[in-house]
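Undergrad: need coordinates for the below:
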Amino acid sequence: MQHLLDKRLAENRPVGVTLIGAGKFGAMFLSQVPTIEGLQVRTIVDLDIDNAKATCARVGWEDARISSTKFTDDANDALRDEQCEVVIEATGNPIAGVDHALAAIEHGKHVVMVNVEADALCGVVLAQKAQAAGVVYTMAYGDQPALIWEMVNWGRLCGFEITAAGKGTRYFDGAHQSTPDTVWEHYGLTSDQAAAAGMNSQMFNSFLDGTKSAIEMAAVCNATGLLAGDDGLTFPACGVDDLPRLMRPQADGGALQQKGQVEVIASEERDGSPVFRDLRWGVYVVFEAPNDYSADCFRQYGLNTDVSGRYASMYKPYHLIGLELSYSVFSAALRQESIGHPRAYVADAVATAKRDLKAGETLDGEGGFTVYGKLMPARASNSVNALPIGLAHDVLLKQDVRQGEIVGMADIDGLAVSTASAMRNQLLTGT
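TA: Alright, predicted model coming up:
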């Protein structure tokens with residue numbers, strides 16, 4: 001890509017970008033922009049324009065760069081810019097994200113989908129529409145799903161069978177019942193400290209209650225074809241040294257239901273003690289040697305394996321989210337290639353009751369007080385007509401749902417009309 005970029009630089013044709021959403025992910029990307037040759041952020045779209053400008057100043061943009069960049073709260077206006085080649089959707093709102101991605105595709109723009117909530121909801125259809133339009137729809141490099149996709153892709157191209165793939169996270173007993181009122185005690189903050197730092201309790205809670213993990217692993221399944229376990233994610237405590245032993249099938253002494261499965265590993269034991277050499281910030285892949293010679297090479301070159309020597313692991317200890325995002329931008333614009341995108345509807349992230357819910361209550365979506373997202377195989381989600389977590393915001397229950405039960409479409413008083421809900425139906429029906 002550097003060679004291709006050098007050619008663009010010689011032609012004085014930087015890659016034009018529109019960023020939609022100047023939150024944390026967007027801010028990290030923007031902080032890198034001044035040092036990235038050949039990339040021009042032409043427009044920043046945000047509901048709070050003053051805050052978006054303040055974010056640019058905070059991350060190191062000089063006044064001249066800020067004044068030469070267009071700021072707007074109208075995404076459709078930004079998409080009319082003919083010099084914009086790539087649209088980064090970073091709002092985190094699945095309903096808005098689908099609208100923005102579809103509009104970008106219709107305007108002939110490549111889409112870097114930071115918004116994994118929208119991707120897990122109906123990214124398969126968005127990717128199909130992008131392909132039909134001759135543009136790229138891609139995951140966001142730097143975020144864990146794209147990094148997992150990269151490792152899975154690497155393993156398969158090398159001729160290894162992928163046994164497991166996933167990421168690390170913090171998890172503890174009772175995490176699924178965490179709410180915005182209890183979240184800060186787990187981060188070691190008071191609510192006042194979090195508010196002063198501008199931290200959104202519901203957003204941070206989605207990382208803690210397992211929802212974000214379910215959404216991200218659904219995206220990984222849909223992009224790679226890896227499977228979700230029938231019981232969803234189980235969050236076994238596991239350090240990097242134990243990956244080949246634990247992340248193998250139960251039949252071989254591991255924790256997996258089957259080969260070729262996603263799983264998220266916990267960075268602490270259930271008693272709260274830290275896991276030795278945890279992978280809280282990273283991603284991993286476990287793969288199997290196809291023959292005895294390959295297994296011998298694993299040993300000879302120092303790979304970490306299980307006792308049989310057949311299962312081995314590779315991992316990346318960190319991910320830098322927005323600091324790495326330009327890699328996806330350049331891949332789309334210069335090579336017309338994605339850094340992973342959904343190919344089939346394999347898994348789902350569905351709304352599951354955090355507590356006993358009563359008819360007449362209103363669901364408050366990802367990271368809220370009422371439901372968390374649970375990973376399910378697509379076939380299982382379809383069999384119960386489950387409500388995806390991406391559509392579970394501001395939805396009225398018409399009947400009781402007990403704690404731990406999946407919220408079905410039959411349990412709610414319908415969905416608001418949206419492009420996302422229509423596209424979701426298109427995904428399920430194949431029409």
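
Undergrad: out of everything not next to it in sequence, what's closest to residue 113?
TA: Among residues not flanking residue 113 along the chain, residue 119 sits closest, at 5.0 Å (CB to CB, 6 or more residues apart in numbering). In short, each C-beta sits where N, CA and C put it, glycine included.

Undergrad: which residue ranges of the stretch 101-250 of the chain form strands?
TA: With DSSP state E, counting those that start in this stretch applied, the stretch 101-250 of the chain shows strands at 110-113, 137-139, 161-169, listed in chain order.

Undergrad: any chance of these in a markdown table, with distance to residue 223, mean pLDDT and mean neighbour count too?
TA: Listed next are the strands of the stretch 101-250 of the chain as a markdown table, based on distance: least, CB to CB, whole Å; pLDDT from 0 to 100; neighbours: other CB atoms under 10 Å:
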| stretch | distance to residue 223 | mean pLDDT | mean neighbour count |
| --- | --- | --- | --- |
| strand 110-113 | 11 | 98 | 31 |
| strand 137-139 | 7 | 98 | 26 |
| strand 161-169 | 11 | 98 | 25 |
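
Undergrad: residue 81 is nearest to which of those?
TA: With CB to CB as the measure, strand 110-113 is the member of these nearest residue 81 (13.5 Å).

Undergrad: just checking, residue 87 touches residue 76?
TA: No: using CB atoms under 8 Å, residue 87 is not in contact with residue 76; the gap is 11.5 Å.

Undergrad: okay, now residue 428: neighbour count?
TA: Applying other CB atoms under 10 Å, we find 16 residues neighbouring residue 428.

Undergrad: next, it: phi, psi?
TA: phi -70, psi -40 (degrees, to the nearest 10).

Undergrad: isn't it up against residue 382?
TA: Yes: in terms of CB under 8 Å, residue 428 counts as a neighbour of residue 382; the distance is 6.7 Å.

Undergrad: low-confidence ranges, the protein, go.
TA: Across the chain, residues meeting the criterion (pLDDT under 70) sit at 197-198, 431.

Undergrad: how about 50 then?
TA: Nowhere does the chain drop to pLDDT under 50.

Undergrad: kindly list the longest helix within it.
TA: helix 116-133 (DSSP state H).

Undergrad: now do the buried residues in that helix.
TA: 116-130 (16 or more other CB atoms under 10 Å).

Undergrad: how about the contacts made by the closest residue to residue 193 other than its chain neighbours?
TA: The shortest distance from residue 193 to any non-neighbouring residue, by CB to CB, 6+ apart, is to residue 184 (7.5 Å). Contact analysis of residue 184 by CB atoms under 8 Å, 6 or more residues apart in numbering lists 190, 191, 193, 194, 201, 204.

Undergrad: and for residue 188, the neighbour number?
TA: Neighbour count of residue 188, defined by other CB under 10 Å: 7.

Undergrad: whoops, residue 420 was the one
TA: 25.

Undergrad: and it, what element?
TA: Per DSSP states H and E: residue 420 is located in helix 419-429.

Undergrad: that helix to helix 116-133, inter-axis angle?
TA: 70 degrees (axes from the mean of the first three to the mean of the last three CA atoms, to 10 degrees).

Undergrad: in helix 419-429, which residues are buried?
TA: Neighbour counts using 16+ other CB under 10 Å place 419, 420, 421, 423, 424, 427, 428 of helix 419-429 among the buried residues.

Undergrad: and what of stretch 335-344?
TA: Counting neighbours by 16+ other CB under 10 Å, one finds that the buried residues in stretch 335-344 are 338, 339, 340, 341, 342.

Undergrad: need the contacts of residue 184 in CSV (columns: distance to residue 16).
TA: Shown next, in CSV, are the contacts of residue 184 (distance: CB to CB, whole Å):
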residue, distance to residue 16
190, 43
191, 41
193, 39
194, 36
201, 36
204, 33
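
Undergrad: from these, which ones fall inside helices?
TA: 191, 193, 194, 201, 204.

Undergrad: could I get the full set of helices for the stretch 151-300 of the chain?
TA: Along the stretch 151-300 of the chain, the segments classed as helices by DSSP state H, counting those that start in this stretch run 183-187, 191-196, 201-208, 211-224, 243-246, 292-300.

Undergrad: any chance of these in a markdown table, plus distance to residue 152?
TA: Converted to a markdown table, those look like this (distance: least, CB to CB, whole Å):
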| stretch | distance to residue 152 |
| --- | --- |
| helix 183-187 | 30 |
| helix 191-196 | 35 |
| helix 201-208 | 23 |
| helix 211-224 | 5 |
| helix 243-246 | 14 |
| helix 292-300 | 18 |
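
Undergrad: centre of the chain to the longest helix of the chain, how far?
TA: 13 Å (CA atoms, centre = their mean, to the nearest Å).
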